[in-house]
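A.B. asks: Requesting a structural model of the entry that follows:
(3 chains)
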Amino acid sequence: MTAYLLRRLPSLALVLAAASVLIFAVIRLVPGDPATALAGANATPEAVEAIRAELGLDRPWVTQYFAWLGGLLTFDPGRSYLIGGTIGSLITESLGNTLLLASSSLFLAVLTALVLGPLWAGTRKPWLEHLLTGINTLAVAVPTFVMGVALILLLGVLVPVLPSGGVPRDGLLANPSITVQYLLLPAVCLALPIGAVLTRYVAESLRTEMAQPYVVTALAAGVSRRRVLLRHALRNVLPTSLTVLGLQTGALLGGAVLVEFTFSWPGLGLLIERAITGRDYPVVQVLLILSVVVFAVLQLLTDVAHALLDPRVRLGGAR
Amino acid sequence: MTELKAQEAQVKAEPDRRPVRRNGLTHGRGLVGVVLIGVIVLLGVLAPLLAPFSPQEQIEGANLLGPSGTHPFGTDEVNRDVFSRVLYGIRIDLFICLIAVPAGALLGGLIGLVASQTGIADVFAQRAFDVVLAFPPIILGIGIAAITGTGVLPVVCVVIGAELPLFGRLVRTATLKVRELPYVDAAESMGASRAWVLRKHIVPNILDSVIVQLALSASGAVFILSAMNFLGIGVKPPEPSLGGVLADAMAQLGSNTMYAVGPLLVIVVLVLGFQLIAQGLLAARRGGAS
Amino acid sequence: MSTALSRRTLLSGAAGGAVLLGLTGCASAVDQETSGTPKKGGTFAGAIGTDLVPANFYTNSNDGVTTIIGLVYESLILYPNDSLKPQARLAESWTISDDGLTVTLKLRQGVKFHTGRAFTSEDVKFSLESYADPKWNGQLKSTAAAIAAVDTADPNTAVLTLKHPLGNILDLLEIVPIVDKETFAGIGDGSRYVGTGPFKFEKWTPNARLQFTKNAEYRVPDRPYLDAVDIAVIPDATAQANQIRSGQIDYAYGISNLDIERLEKAGDITKIQRTGAEIQVYVAANLTVDGLEDVRVRQAIAYALDRDRILSEVFRGAGYTASLPWPKTSPAYDEELNNFYKKDVAKAKSLLADYGKKVPTLKYSYQTPSPLFQATAQIVQANLKEIGIDVELDPLDPPTFVAQLIGGKFPGLWTAYHSWAQYTPSTLTVSAYPFNALKNSSHYESDTYIKDADAAWKQIKGDSPEAIESYRKLSKDLLDGAFLLEIAIIEGRWAVTDRVKGISYTKRSELLLTDAQLTG
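C.D. replies: Take a look at the predicted model:
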């Protein structure tokens, strides 16, 4: 196994090295640079040159590249040019906000699926079934940001009961009851499509499960339908539902970006947008290389799992 | 998820499944989808007849008016009729879909086909698809727009980029499957040309899944392009786009609440309509196969 | 949320909503109310739209910087908002020699930095020198660079020797904050700000907030009243409006004029319109672009602009229309000249007829994301269509925009704000880059303009009759050249609740809370 890993490592390093060069070069192709972003609309050319020198942007690209690489390898990616603070603290903070939003949405989605899934599968009222089907189809289809605007319009403007964006001014940890109110709209938006997919899956699996012989037996023995559904069928459906949830988590992170924009939620999505529009090279570079690393490591893990199961791969046979 | 559904739809070659396809669109969900999309397309096509004003006409004194008989959705911050802008916004959105989705399908399909023929190309294409899929399309869009500048071009690029891997994988998997079928294998070993196999077996076989995927992709494309316009990195003002009108409305919700409603409804109907069509086709397919 | 604010309980519709949401008994994030009487102490809670960028310390270009400078720092002199008559601040008195080459400043004694160190003439020297360093991009660095030497022999007197007379030297002394040499490095990374002002800098949390506490040893007795200042960074204008309406903040810098109108009507807030701290919105042309090289075309554009409409619809009347940069508070203001360009489609068309050729489709750039520039650009586009000039809008993100501005590379027209006309007029022409006579983004070259700008700069007294005559010449040059067409002079607005009293500002829109008090 170790031998297999060792064989894979060089190619991993190669991929990362190529990615780092690519990221470094591509971001410098974007017109404007951190110095122009910093200088602002009242700047003079001399000032921009001075700032460029101050940031070290007048050094050759090769020098800049290796300086950056050195910083990465020593786990000291440096400071943001524009946003301020160290890159480490910036990313930790934004990641925390994104994770809070994402986990709240997951919680809401799971809750919805656990309540509405059995209801949908168990109901015998056609109107309720149609209603749930309709809502479900709609929830899957409505884009997150469109739902966001709709919610802001309804609950932030027409009947102003919830904040329409931003975070509490004292931070997210100071007062949980306030934080919840700020979190509610973005979390609902993000939860909706995932919750809908999950609910549909749970309901469909429950229906299949309810046709199983053991259910028929139980029902014949006089156990109530509700009891069978909730006590037995649901328990059997949960493990596979978890897999579906896992698959949806990826989609969730993508959706989070748009929700963050719509509600000005200061997470990773807003951070990378601000970094790109401000040409904050160090921040953009680190965020992009991080995503490549995460991706490459996930690939490697998948391949390792594959190798564990298939000796031909491990032994370097047919591949 | 969508990709899985599309692949699920594949069944073995049948001579003609056009009736099934028609069935999917004339009953139940499919029909609803067709009607929804039809209405929106009609609104877009007939915009010059239906719109009471030109979408770019600035009407003197009509600053952020609420809804009225003359302006069903009110007016915007530079005195234009929001209703007319929404109608014309449909045109540009559908136009981008019409260009980008088929382009993505064609390119993706070609790559998938090539990938299915040679091993090295396959590995390369698969990894490339993985990487593209690893970035959320919106982040990709922000990045591309930073390089190319705001406009229709980055939007088209991003939509194509998002569709490419989906069609690529679809075609590749289908092709590999078909070539393993005994009679195709036999035909190949008897010296049938690849083009012949392609024309006679592969294309008919994957056509259905491709059509379903096209409907799903159109739905996704509306999402992506309206999101990019919403973020202000798409169609340039004063040209109206659904996402652009929605973004402008966001700043004026307190003045004209109806401003946002039009683009909101149309985007939802478009995304929903295309999804219903895809679902209808799939349902008909399942019914037809069993 | 500040615990100092009392909370209204479950009576309003808003709190009713909270009940619906299962949040009974919690404070609502959308509705709070207080009532009470004026008091001493308390925390002032506010919001700004753009976060501090440490590298922009001397550029006055974002809300974070102006907030810090207003609260933590003091300059040598201070202009009142409505005139250029200098008042004592850290300097008690000042004299300019007859040849205009020596400025002697008597410094206030007993002033201490927040570190406890006494303020001396050395600090004046250091502050002026660091301001002149191009890397800080200070707007008046050319003026600062024209100071040959600062004599600090007497710690209570600073003597400035100038390379040539500087009509705007007092502007420089009004603008430059006096910084502490020992902690200056902290300014570069946003970790430490030490001045002599009424508040001490406590902490900056990037992307989130700026915190300040009272300077108990402030040179003015019994000031400031407030114990602390807590400024949140809220980039979303709507969110700011919601927070001030609900009483979570008492001060909003970055809220839209439309929201201010609405909230004022509802009785939730009052506005502070910053007269004296004006900025200008303009359309300018790149003279190297085909069609724009001809002054008749540029003048036609100037006559096509519907300034009244842009001012009232886009800027909600926060200011007045203009043909020249000078605000009403400026010695160079001249009502007749300021009304030189009025919308006149017939005149514009006849100028274009004189030009004789068809003006090619022009690109028109502006910065995103900005609803105000976008609306302005679209109105200008419609105005130009009226006179037969086609324009293609070209929204650019800020770094691209600035890169093109500095490189003079705009492909046609552009719209932006400029500032610095609220000071001594020569400050504008030697400082603001779009106006720079020697090198500007329009590629406008005129020997008369260079000569007149230089003459105005070298006036010994910035408000003498000779000086005013020189500004008149400058104004004529600007109107004749028509390379930069003013649309309107904008007085920015802050929203404040009636819970706070005594907020003021400097000519650079820096927040002053020395006399501010909370009620309730």
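A.B. asks: can we go C-alpha only for contacts and neighbour counts from here?
C.D. replies: Will do.
A.B. asks: For chain A, what lies in contact range of chain B?
C.D. replies: Residues of chain A lying close to chain B by Cα under 8 Å from any Cα of the partner chain are A:29-31, A:137-138, A:141-143, A:145-146, A:149-150, A:153, A:157-158, A:254, A:257-258, A:269, A:273, A:276-277, A:295.
A.B. asks: contacts with chain C among the residues you listed, please.
C.D. replies: With Cα under 8 Å from any Cα as the criterion, those include A:31, A:277 near chain C.
A.B. asks: Just the buried ones among the residues of chain A next to chain B, please.
C.D. replies: Among those, those classed as buried by 16 or more other Cα atoms under 10 Å in any protein chain shown are A:30-31, A:137-138, A:141-143, A:145-146, A:149-150, A:153, A:157, A:254, A:257-258, A:269, A:273, A:276-277.
A.B. asks: Tell me which entries of the residues of chain A next to chain B lie within helices.
C.D. replies: With helices taken from DSSP state H, the overlap with those comprises A:29, A:137-138, A:141, A:145-146, A:149-150, A:254, A:257-258, A:269, A:273, A:276-277, A:295.
A.B. asks: Pull the most distant pair out of the residues you listed.
C.D. replies: Comparing all pairs in these by Cα to Cα, the longest separation belongs to A:29 and A:137, at 42.7 Å.
A.B. asks: gap between stretch B:231-251 and the chain center?
C.D. replies: Offset of stretch B:231-251 from its chain centre (Cα atoms, centre = their mean, to the nearest Å): 19 Å.
A.B. asks: Start and end of it, how far apart?
C.D. replies: The stretch stretch B:231-251 measures 13 Å between its terminal residues, going by Cα to Cα, to the nearest Å.
A.B. asks: in it, what's buried?
C.D. replies: Neighbour-count burial for stretch B:231-251 [16+ other Cα under 10 Å]: B:231-238, B:240-251.
A.B. asks: what's the answer for stretch C:163-172, then?
C.D. replies: Going by neighbour count (16+ other Cα under 10 Å), the buried part of stretch C:163-172 is C:164-172.
A.B. asks: okay, the residues you listed in CSV with distance to chain B next?
C.D. replies: As requested, the buried residues of stretch C:163-172 are arranged in CSV below (distance: Cα to the nearest Cα, whole Å):
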residue, distance to chain B
C:164, 45
C:165, 46
C:166, 43
C:167, 42
C:168, 40
C:169, 41
C:170, 41
C:171, 37
C:172, 38
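A.B. asks: Could you tell me which of these belong to helices?
C.D. replies: Those of the buried residues of stretch C:163-172 lying in helices (DSSP H): C:169-172.
A.B. asks: Pipe these into CSV and attach pLDDT and distance to residue C:365 per row.
C.D. replies: What follows is those, written out as CSV (pLDDT from 0 to 100; distance: Cα to Cα, whole Å):
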residue, pLDDT, distance to residue C:365
C:169, 94, 35
C:170, 95, 35
C:171, 95, 32
C:172, 96, 32
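A.B. asks: Once you drop chain neighbours, what's closest to residue C:88?
C.D. replies: residue C:77 (5.0 Å; Cα to Cα, 6 or more residues apart in numbering or on different chains).
A.B. asks: At which residues are the helices of the stretch 51-200 of chain B located?
C.D. replies: B:82-117, B:119-134, B:137-148, B:152-180, B:182-189, B:194-197 (DSSP state H, counting those that start in this stretch).
A.B. asks: Pipe those into TSV and attach distance to residue A:60 per row.
C.D. replies: As requested, those are exported to TSV (distance: least, Cα to Cα, whole Å):
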stretch	distance to residue A:60
helix B:82-117	38
helix B:119-134	30
helix B:137-148	22
helix B:152-180	30
helix B:182-189	57
helix B:194-197	52
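A.B. asks: Mind putting those into a markdown table with mean pLDDT and mean neighbour count?
C.D. replies: Formatted as a markdown table, the helices of the stretch 51-200 of chain B follow (pLDDT from 0 to 100; neighbours: other Cα atoms under 10 Å in any protein chain shown):
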| stretch | mean pLDDT | mean neighbour count |
| --- | --- | --- |
| helix B:82-117 | 93 | 22 |
| helix B:119-134 | 77 | 15 |
| helix B:137-148 | 85 | 21 |
| helix B:152-180 | 88 | 23 |
| helix B:182-189 | 79 | 13 |
| helix B:194-197 | 77 | 13 |
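A.B. asks: same for the helix or strand hosting residue C:131, what does it pack against?
C.D. replies: Per DSSP states H and E, residue C:131 falls inside helix C:121-132. Using 3 or more Cα pairs under 8 Å, 6 or more residues apart in numbering or on different chains; DSSP states H and E, the elements in contact with helix C:121-132 are helix C:141-145, strand C:157-162.
A.B. asks: weakest of these by average pLDDT?
C.D. replies: Set side by side, those give their lowest mean pLDDT on helix C:141-145, at a mean of 91.
A.B. asks: Can you give the contact residues for that helix?
C.D. replies: For helix C:141-145, the surrounding residues in contact (Cα atoms under 8 Å, 6 or more residues apart in numbering or on different chains) are C:128-129, C:131-134, C:166, C:168-169, C:172, C:430-431.
A.B. asks: Low-confidence bits of chain A, can you list those?
C.D. replies: Within chain A, the segments meeting pLDDT under 70 span A:1, A:247, A:250-251, A:306, A:309-319.
A.B. asks: now do 50
C.D. replies: Chain A contains residues with pLDDT under 50 at A:317-319.
A.B. asks: okay, now the domains of it?
C.D. replies: Following automatic domain parsing, one gets these domains for chain A: A:1-82+A:280-319, A:90-277.
A.B. asks: Same check on chain C?
C.D. replies: C:3-191, C:279-490.
A.B. asks: Any idea which of those domains gets closest to residue B:165?
C.D. replies: Residue B:165 lies closest, by Cα to Cα, to one member of those: domain C:279-490, at 30.0 Å.
A.B. asks: Quick one: mean pLDDT over that closest one.
C.D. replies: Computed over domain C:279-490, the mean pLDDT rounds to 94.
A.B. asks: From one end of it to the other, what's the distance?
C.D. replies: The first residue of domain C:279-490 is 5 Å away from its last residue (Cα to Cα).
A.B. asks: quick one: is it near chain A?
C.D. replies: Yes: against chain A, domain C:279-490 shows contacts by Cα under 8 Å from any Cα at C:397-403, C:405-407, C:416, C:418, C:432-434.
A.B. asks: Now the terminal residues of stretch C:416-435, how far apart.
C.D. replies: 13 Å.
A.B. asks: which non-adjacent residue is nearest whatever residue of the stretch 1-150 of chain A ends up closest to chain B?
C.D. replies: Among the residues of the stretch 1-150 of chain A, residue A:30 lies closest to chain B, at 4.6 Å counting by Cα to the nearest Cα. Leaving aside its chain neighbours, residue A:30 sits nearest to residue B:147 (4.6 Å; criterion: Cα to Cα, 6+ apart).
A.B. asks: I figured that neighbour hits residue A:29, correct?
C.D. replies: Yes: here residue B:147 lies in contact with residue A:29, judged by Cα atoms under 8 Å, at a distance of 6.9 Å.
A.B. asks: follow-up on the earlier one: which among the domains of chain A is found nearest to residue B:82?
C.D. replies: Per Cα to Cα, nearest to residue B:82 of the domains of chain A: domain A:90-277, 16.7 Å.
A.B. asks: Do me a favour and get the end-to-end distance for that closest one?
C.D. replies: Start and end residues of domain A:90-277 are separated by 16 Å (Cα to Cα).
A.B. asks: Let me see the contact set for the most centrally placed residue in chain A.
C.D. replies: For chain A, the residue nearest the mean C-alpha position is residue A:253 (1.5 Å; Cα atoms, centre = their mean). By Cα under 8 Å, 6+ apart, the contact list for residue A:253 reads residue A:102.
A.B. asks: give me that answer again for 10 Å
C.D. replies: Neighbour list for residue A:253: A:98-99, A:101-102, A:190, A:259, A:268-269, B:136 [criterion: Cα atoms under 10 Å, 6 or more residues apart in numbering or on different chains].
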